[in-house]
Each structure stands twice: as structure tokens, then as C-alpha cells.
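*Asks:* Sequence unavailable; structure follows:
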């Protein structure tokens, strides 16, 4: 299992460390958003956000845009010690928790999957992980569509495949628990982490065991229950992490148990989820109790199973969210995806990346400066919807002549003039933007994260890809990914005979594999640095195009 996968689903077990879930939220600008809800919450104050990533400009969670540059990023883990990760780890469909600092800026973003394990009972409409049924789909009445990473779609999922599932928890008409998936990601076959989300029943305080559906969860003295100071009870919606796969009899040894609750928190909140246990003006939103008495006429139209975004205030004693706004996903523009950023991995107008999301703009209306030709480094806004091949089919692409202040960019280039200035470590990045060689001053942000290497590898001549915020003084980098020497030569190519892309491997048969809808011929190319190429790995691939085929020239881990 590579480092990127570990960061996405777990940290190395560090049992006994406490995590306090004190979250905050405020609506922040800094990028275009899909306007599902107005206003935002917590402006000028604190609060909490739990929701689904549906776009990028900054990070768009249930229609509200949050500055993606200021926060530290973490993933939940099989113990209570969260693992640091890069801003580039956030994907469409992720479930996030967002915390803000005293000034109202996002300070902490935590990526929180609902299920991690092996897929079973695969059908045309869903599958099961750790005994929990998973529903997929793109119906406007069902909430955000299901995105896929390392899969072309549900038809590409097979029984026994290890997956990470993000989504919202719900109960069907019979009271059976399920997760409505917003992201399904294939993991490497070496994954040993397990996650299950569900309702606690049959709690035995003398043995520390309880049930989540058919799964028996066994806690131990080292198991950490979050938030700190809370006690498990029957009826709680919980997320259980383990660094061991469940046994064949359906037993899981818990490393950590997190209760889905707002108790102990205060301030404004924005929470999305599925309506459950609806009774008059009160209901549960995927486990969070909501009082909508002030909106009784709207509450009267709600239905169990409906995806809902609620804004309001939190009672710290009871954890009840008093609703000031109710917005159904279906009442807005649910099938629209909007991406704002620089193009990377440009292969053709039918296959390129924006903020790591594959885009097909072959049939799109392209306007703005440079609209006669898209290319790596172009700063664009893409509107579209996810197609059956899991690419965003663009209906429109706007090409901007300049990058606005605060705009998030992804550039690949070469480091020079490395030094230390008054604001910290700085260097000059020389890169190609739309076929023209450019250079910018880069300053490492205090929250910068390195991938494919560490800070000690930052040196003159190093090939890197950065994610940064544009400003008057240059670029402020929040993520630096080192590009292996064998892969660097193709990252700035603009000719039609060569190119590069990065993403999760699937359909690997030893001769070919697929990344972002591109069928890559391995062409005798070994994985840089050794190891075995396999499904679920995140890789950076460079290739030559010949006779309609993509012939790999380098394949390296992109972790």
C-alpha cells in the first residue's frame, strides 16, 4: 500500500492519542462556486461544516466555497491521531469536516471516509462494504452524484476489490442502514485498513462490544472514543476504524470510534446528510439532531432519505442543530460541476485535468482569452456534469488571460534560486504555460505539505509540481510534489506526440492499464524506484502517442 493511500485511509497505528473534534466554519471566497445555497454560515464567527465536495475553485462544499490555501489538511485514521496530508488529496465527492481560525479563515480540513474495506454483493445499483449496503447514482433527488477514483464507474467494480467509500449515512423504509456514496475509490490490494459507519446496538459495557448491523465491534482498553469525554450509547451513529480487516465471522477490533455529534460545540453550522427519523419539525440528518420548528412550512415538505443542507446554530449541551435554512439538493442545480484552476495533464481537448479532475471539453463552448487552444497552465473555469466514463463532460470552458489574486494554480517546473527570505523559503519556478516559458517567485506557505519526497529534497534543479495561491508577490505554495527525473522531461511538452497524466490505476492486466480514461500501453516500462504496478496505485505517467495509442515512457508513484 503506497503512502498516498495510507494518508487517505489511515496513519500508522498510534493508539492512545486523543483527538478533539472542535470544528469551525465560515463561508469564504477565493473561487467560483456552484451556488446551491446562499450566504454561507458563521461569517465573522465560528461554527462547523460537515459536507460533500462538489467542485473546486477554492473547495466547494455543498455549494459554499472555502479558501483551499489556508487550512492544514488531515485524514482520519485507525487511531485518534490524524495524519497530515496535502491539499491536493481532496477529491470530488469527499466528505469533509472544516475548522476555522479566530479570524474566520479555514484552518483545518479533515477528510473522512465512511467505509473502507472489500466490496461484496456487487449489483447494477450498488454493493456492500463491511456489511453496510452502498447505494450509487446521479439522480437529482438523491443528492450529489457518485464520483469514482480509479474506476470508470460501478460497472468497473468487482467483488473482492478494496475500496474507500465517501457518502452520507441513512436508513431505508425498513430501518436498515445504508450509505449513499458520493465517492468510490479503488485502493491497492495491500490495504489492511477497515472502516465501518452505522448505528450502535447491543452495547455491552462490561465487554466493550457492540453491533453495527451484522458487524460485531470489539473495543479494548487502548481504543479511543471521540470526541474526548463522550460515552458510547445505543442509537449513536458512529464511525469505527481498525488497522485489521474484519474476520470471516464479521468481527472488527476497534482502534478508534468517533461519534457523529455536535455536543460540546457551539456557534453556526452547515451540515449536509440524509433526513432520518422525521417527526414533525424534528429529524436527524445522518445522525445529527435537527430542530426545524422555525421553518415548519418547509419542514412539512421533507421526506426521509432526502439529501438536505441545513444551516443554523448548535446547542453545545444537546448537540441539536436549530435550523435557520433548509435547502434540498434537488431544488438547485445538482448535476452541475464547476472547476476553476489551471490545466495540467493536457492530452487533448477531450482529456485534461483541472485540480486533478479529468475533463472532456471536446463538445464544450470555449470562450475567453486563448480560446483557440487549450493547454497546460491555462487558467480556466469549467462547467459540466460527470459522464458515464467518470470524466466531467464540459458544457463550457472559459479561458482567463490572467490568474486573479487568490486564484489557485497547479504548475510543473524546475526549481531555481532556492533561498530563505523574510517570509520563509523561496525559489523561482520555471514552467511552461500554454507553450510559453514563464517563471514566478514561489514562497512556501507555513502549512505546505510535500509528496513524493520531503523538504530536504527541495533543491535547485529539482522538478516539482506545486499547488499555490496567486498573489501580487508571486505564488504561495501549499503543496509541493517532486517529479522523478525520468518523468520530468515530458511534463512541459506541448507537442501532440507526448504528454503526461496522473491518477489512480485501474484495469491493469500486465500489458495495459487505465488512468483518467486513457488506456496506457506499459511498453516495457518499469515502475520508477522499483515495486509492482497494480490497481489502486496513484501514479504519474508520461507517454508518447503513436497510431492512436499511448505508449508509456515513465511510470512513477505519485504519493
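*Replies:* Sure, I can see it. Just so it is clear, the model here is predicted, and its values are computed rather than measured.
*Asks:* Tell me the pLDDT of the residue of the chain positioned farthest from its centre.
*Replies:* Farthest-out residue of the chain from its mean C-alpha position, per Cα atoms, centre = their mean: residue 206, at 38.1 Å. At residue 206, the pLDDT value in this model is 93.
*Asks:* secondary structure class for it?
*Replies:* Using DSSP: H, G, I helix; E, B strand; the rest coil, the secondary structure recorded for residue 206 is coil.
*Asks:* and residue 302, how far is that from residue 443?
*Replies:* Spatial separation of residue 302 from residue 443 under the definition Cβ to Cβ, to the nearest Å is 48 Å. (C-beta placed from N, C-alpha, C; glycine too.)
*Asks:* low-confidence ranges in this structure?
*Replies:* Low-confidence segments of the chain (pLDDT under 70): 1-46, 79-81, 100-104, 138-141, 330-335, 370-372, 388, 434, 486-496.
*Asks:* Show me which strand runs longest in it.
*Replies:* Longest strand in the chain, counting residues (DSSP state E): strand 436-451.
*Asks:* Report the buried residues of it.
*Replies:* Within strand 436-451, the residues that qualify as buried by neighbour count (16 or more other Cβ atoms under 10 Å) are 440, 442, 443, 444, 445, 447, 448, 449, 450, 451.
*Asks:* List the beta-bridge partners for the last one.
*Replies:* Okay, so that is residue 451. In this entry, residue 451 is beta-bridged to residue 481, by DSSP bridges.
*Asks:* Check the second one too.
*Replies:* On the basis of DSSP bridges, residue 442 takes part in beta bridges with residue 427, residue 475.
*Asks:* OK, contacts around the residue farthest from the centre of the chain?
*Replies:* Shown here is residue 206, which makes no contacts under the criterion Cβ atoms under 8 Å, 6 or more residues apart in numbering.
*Asks:* Tell me the spacing between it and residue 219.
*Replies:* 12 Å.
*Asks:* same deal with residue 451?
*Replies:* In this structure, residue 451 and residue 219 are separated by 34 Å, where distance is defined by Cβ to Cβ.
*Asks:* Likewise for residue 425?
*Replies:* Distance, residue 425 to residue 219, using Cβ to Cβ: 44 Å.
*Asks:* between the two, who's got more neighbours?
*Replies:* Taking other Cβ atoms under 10 Å, residue 425 and residue 219 do not tie; residue 219 has more neighbours (22 against 16).
*Asks:* Can you give me every residue that contacts that one?
*Replies:* Residue 219 sits next to 208, 209, 210, 225, 254, 257 when contact means Cβ under 8 Å, 6+ apart.
*Asks:* What count of nearby residues applies to residue 368?
*Replies:* The number of residues packed near residue 368 is 15, by other Cβ under 10 Å.
*Asks:* how about the helices in the stretch 351-500 of the chain?
*Replies:* Counting by DSSP state H, counting those that start in this stretch, the segments of the stretch 351-500 of the chain that form helices are 485-488.
*Asks:* Same question for the stretch 201-350 of the chain.
*Replies:* According to DSSP H, counting those that start in this stretch, the stretch 201-350 of the chain carries its helices in the segments 296-299.
*Asks:* before we move on, what about the stretch 1-150 of the chain?
*Replies:* According to DSSP H, counting those that start in this stretch, the helices that the stretch 1-150 of the chain contains are 3-9.
*Asks:* Residue 451 reaches residue 478, doesn't it?
*Replies:* No - distance between residue 451 and residue 478: 11.7 Å, which falls outside the contact criterion (Cβ atoms under 8 Å).
*Asks:* Next, show the common contact partners of these two.
*Replies:* By the contact definition Cβ under 8 Å, 6+ apart, residue 451 and residue 478 are jointly contacted by residue 86.
*Asks:* Return the member of the contacts of residue 219 nearest to residue 234.
*Replies:* For residue 234, the nearest member of the contacts of residue 219 is residue 210. The distance, counting by Cβ to Cβ, is 7.7 Å.
*Asks:* Next, the residues that contact stretch 405-412 from outside, please.
*Replies:* With contact meaning Cβ under 8 Å, 6+ apart, stretch 405-412 is reached by 29-31, 56-58, 67-69, 88, 340-342, 344, 355-356, 376-377, 379, 403, 429, 431, 433, 440, 463-472, 475, 483, 491-492.
*Asks:* next one: stretch 432-441
*Replies:* Counting contacts by Cβ under 8 Å, 6+ apart, the residues outside stretch 432-441 that touch it are 342, 370, 373, 375-378, 411, 413, 416, 426-431, 473-475, 492, 494.
*Asks:* Buried subset of those residues as a ChimeraX selection?
*Replies:* A single ChimeraX command selects the buried members of the contacts of stretch 432-441 (16+ other Cβ under 10 Å):
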select :342,370,375,376,377,378,411,413,426,427,428,429,430,431,474,475,492
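*Asks:* picking that back up, could you point out which of the buried residues of strand 436-451 is nearest to residue 399?
*Replies:* Among the buried residues of strand 436-451, residue 440 lies closest to residue 399 (Cβ to Cβ), at 19.0 Å.
*Asks:* So which residues of the stretch 101-250 of the chain form strands?
*Replies:* Assigned strands in the stretch 101-250 of the chain, in chain order: 106-111, 115-123, 126-129, 132-135, 147-149, 162-171, 177-186, 194-199, 201-204, 209-212, 215-218, 224-226, 237-242 (criterion: DSSP state E, counting those that start in this stretch).
*Asks:* I'd like the ones you listed written out as JSON lines, with mean neighbour count added.
*Replies:* Compiled in JSON lines, these are given as follows (neighbours: other Cβ atoms under 10 Å):
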{"stretch": "strand 106-111", "mean neighbour count": "22"}
{"stretch": "strand 115-123", "mean neighbour count": "19"}
{"stretch": "strand 126-129", "mean neighbour count": "23"}
{"stretch": "strand 132-135", "mean neighbour count": "22"}
{"stretch": "strand 147-149", "mean neighbour count": "26"}
{"stretch": "strand 162-171", "mean neighbour count": "26"}
{"stretch": "strand 177-186", "mean neighbour count": "25"}
{"stretch": "strand 194-199", "mean neighbour count": "25"}
{"stretch": "strand 201-204", "mean neighbour count": "12"}
{"stretch": "strand 209-212", "mean neighbour count": "21"}
{"stretch": "strand 215-218", "mean neighbour count": "20"}
{"stretch": "strand 224-226", "mean neighbour count": "19"}
{"stretch": "strand 237-242", "mean neighbour count": "25"}
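*Asks:* Could you dump these into a markdown table with distance to residue 559 added?
*Replies:* Compiled in a markdown table, those are given as follows (distance: least, Cβ to Cβ, whole Å):
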| stretch | distance to residue 559 |
| --- | --- |
| strand 106-111 | 15 |
| strand 115-123 | 17 |
| strand 126-129 | 23 |
| strand 132-135 | 26 |
| strand 147-149 | 14 |
| strand 162-171 | 15 |
| strand 177-186 | 14 |
| strand 194-199 | 20 |
| strand 201-204 | 38 |
| strand 209-212 | 31 |
| strand 215-218 | 30 |
| strand 224-226 | 27 |
| strand 237-242 | 21 |
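*Asks:* Quick check: bridge partners of the closest residue to residue 164 other than its chain neighbours?
*Replies:* Beyond its immediate neighbours in the sequence, the residue positioned closest to residue 164 (Cβ to Cβ, 6 or more residues apart in numbering) is residue 185, lying 4.4 Å away. Each beta-bridge partner of residue 185 is listed here, defined by DSSP bridges: residue 149, residue 164.
*Asks:* Repeat that for residue 251.
*Replies:* Counting by DSSP bridges, the residues bridging with residue 251 are residue 216.
*Asks:* isn't it right up against residue 214?
*Replies:* No - no contact is recorded between residue 251 and residue 214 when judged using Cβ under 8 Å, the distance being 10.3 Å.
*Asks:* give the contact list for residue 150.
*Replies:* Neighbouring residues of residue 150 by Cβ under 8 Å, 6+ apart: 185, 186, 187, 503, 504, 505, 506, 535, 536.
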